[in-house]
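# Sequence and predicted structure below; questions after.
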Amino acid sequence: MKVMVNDLKKEIINDDIEIILNEVANRYGLIRDKLVPIIGGYQNLVYEYIQNDRSYILRLSNSSTRNNDEINSELDWCLYLVDYGVPLSKPLSTLNGLMTELVSYNEIKITATLFEKARGIKLSYPEYLNNVEVFKELGRTTGRIHNASKEYVPICTYYKFWIYNEQVTG
């Protein structure tokens with residue numbers, strides 16, 4: 001049985017998640033008890049991890065909706081942007097030097113990724129509307145991404161079409 005996106009949280013909100021989290025924590029060298037769930041993710045289960053005053057984000061993705069090649073392609077793009085000077089959450093490798101870890105348990109297949117948590121503060125909706133500096137920085141960052149994209153060569157040229165998204169989201 002494949003677990004679809006909408007069913008991911010329903011399927012693993014039980015003892016299975018503890019087994020998966022313990023395995024992922026071991027592969028990244030994290031302490032399981034320090035993983036704190038972040039509420040609000042739709043397609044992923046997301047956890048924050050703090051160690052030595054640094055924050056990290058652990059993302060667990062359903063492997064049946066985003067395969068390892070797609071996720072590695074995303075991470076390659078992120079690393080390229082970081083090297084280009086774009087401020088974003090940098091993907092981190094596992095203890096084995098891999099950018100992703102695949103974990104399977106009870107027919108649930110998860111792809112785990114770890115990121116440095118992005119610096120800064122979260123602005124609320126009304127707070128940023130009249131903040132000219134926020135929009136200027138957004139423009140500068142968008143410009144950097146645009147310039148970086150001109151020379152980037154993707155490691156994966158696989159594209160999903162909207163019809164696929166409709167199948168996933170129902």
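Now that the structure is in, tell me what you want to look at.
# quick one: buried residues of stretch 48-61?
49, 56-61 (16 or more other Cβ atoms under 10 Å). Every residue, glycine included, has its C-beta placed from N, CA and C.
# which residues sit in contact with Ala148?
By Cβ atoms under 8 Å, 6 or more residues apart in numbering, the residues touching Ala148 are 80-81, 84, 86.
# For the residues you listed, which single residue is the most surrounded?
Leu81 (19 neighbours; other Cβ atoms under 10 Å).
# quick check, that residue in a strand?
No: counting by DSSP: H, G, I helix; E, B strand; the rest coil, Leu81 falls outside a strand, being helix.
# wait, doesn't it sit right on Leu88?
Yes: counting by Cβ atoms under 8 Å, Leu81 touches Leu88, with 5.9 Å between them.
# which intervals of the chain have sub-threshold pLDDT?
Applying pLDDT under 70 to the chain flags residues 1-14, 40-41, 157-170.
# Checking my notes, Tyr56 in a strand, right?
Yes: using three-state DSSP, the assignment for Tyr56 is a strand.
# and it, what are its bridge partners?
Beta-bridge partners of Tyr56, counted by DSSP bridges, are Tyr49, Glu116.
# mind listing what it touches?
30, 48-50, 92, 114-117.
# again, 6 Å this time
49, 114, 117 (Cβ atoms under 6 Å, 6 or more residues apart in numbering).
# Nearest residue to the middle of the protein?
Arg59 (4.8 Å; Cα atoms, centre = their mean).
# Quick check on that residue: phi, psi?
The phi/psi pair for Arg59 (degrees, to the nearest 10) reads phi -120, psi 130.
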